[in-house]
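**Student:** test case, fold it:
(chains A and B)
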Amino acid sequence: MHALANPARFLRIARPATTWLLLVGLALAIAGMAAGLTLTPPDYLQGETVRILYIHVPSAWLGMAGWLGITAASVSQLVWRHPLAAVGGRAVAPAGATFAAICLITGSIWGRPTWGTWWEWDGRLTSMLVLFFLYLGYIALASAERERGGEGRIAAIYGLVGAVNLPIIHYSVLWWRTLHQGESIGLTGSTIDNSILWPLPLTLVGFTCLFGAAVLMRMRAELAQTKVEARMRRMGA
Amino acid sequence: MNPWPFVAAAYLVAICLTGGLLGWAFASMRRAEAAADALKHR
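**Tutor:** Numbers count the residues shown, from 1 in each chain, chains lettered A, B, ... in the order given. Predicted coordinates for the structure are as follows:
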């Protein structure tokens, strides 16, 4: 990670990586969604609404992974003062907020025909909503700090405090057994039949690549903007 | 209850929001890099 501390070296890697992540991400996400909509059978209980799984699960994973990225950037900023850490944190936040929003909206759409309600103040749903609001707070705080010329330390501390919500989201289905079903996909296996499950890795990897591409594009935009601001200051002096 | 309008709405939301995020990130990157390049050549 420290090898990428030099912005010029980072950009040499980020430029081709952005294109590759975009292309691979689009191909896999489109293939996974098409397969999920047309090639898999309906579930015996949920029927056709099970197809929402192929977009809901990746967005839930990316909503949480985004905050994990902010936590890593915050540690990197506070402990090692990595020059790209604050830029990385600010770049991850809009992507994480978008996928947290997709997770909440698609879950709500799935809930109406399956549970008979758009929303329930269940542990998993509420903690995910809290994550979305944490993202909004981080975006506001980090941009305000950047405008005032700060190093991003306050946003980094906020990022670390917000990480408390991640285990709450993960274990909410075990701690509070309410409407949301328990864990059906783990690291060692899944309770979902393979005939339904197989397009999910495609959308998981595909949307993760698109997430990565969005983060790299935002980082490149911030670095270019910083370069412009520095040059304008030199010209003004 | 016909499930397909719900499935279609969920996919539409995911595609539009992901597309919006990528479009916004791409446009802001192009704008910022073009401004940095223009300043370099001045």
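
**Student:** tell me what the longest helix seen in chain A is packed against?
**Tutor:** Secondary structure of chain A per DSSP state H: the longest helix is helix A:200-236. Other elements packing on helix A:200-236 under the criterion 3 or more Cβ pairs under 8 Å, 6 or more residues apart in numbering or on different chains; DSSP states H and E are helix A:7-38, helix A:53-75, helix A:85-115, helix B:4-40. Bear in mind the C-beta positions are built from the backbone N, C-alpha and C, glycine included.

**Student:** A:Leu210 is nearest to which of those helices?
**Tutor:** helix A:7-38 (3.8 Å; Cβ to Cβ).

**Student:** what parts of chain B come near chain A?
**Tutor:** Near chain A, the residues belonging to chain B are B:1, B:3-4, B:6-7, B:9-11, B:13-14, B:17-18, B:20-22, B:24-26, B:28-29, B:31-33, B:35-36, B:39-40 when assessed by Cβ under 8 Å from any Cβ of the partner chain.

**Student:** returning to what we had before: quick one: the longest helix of chain A to helix A:85-115, angle?
**Tutor:** 150 degrees (axes from the mean of the first three to the mean of the last three Cα atoms, to 10 degrees).

**Student:** tell me where the chain is predicted with low confidence.
**Tutor:** Here I'm looking at chain A. Counting by pLDDT under 70, chain A shows low-confidence ranges at A:1-5, A:237.

**Student:** other chain: chain B
**Tutor:** Checking chain B against pLDDT under 70 turns up B:42.

**Student:** for residue 25, the count of nearby residues, please.
**Tutor:** Going with chain A. Counted with other Cβ atoms under 10 Å in any protein chain shown, the neighbours of A:Gly25 add up to 22.

**Student:** actually it's chain B I care about, not the one you picked
**Tutor:** 25.

**Student:** and for A:Asn165?
**Tutor:** For A:Asn165, using other Cβ under 10 Å, the count is 18.
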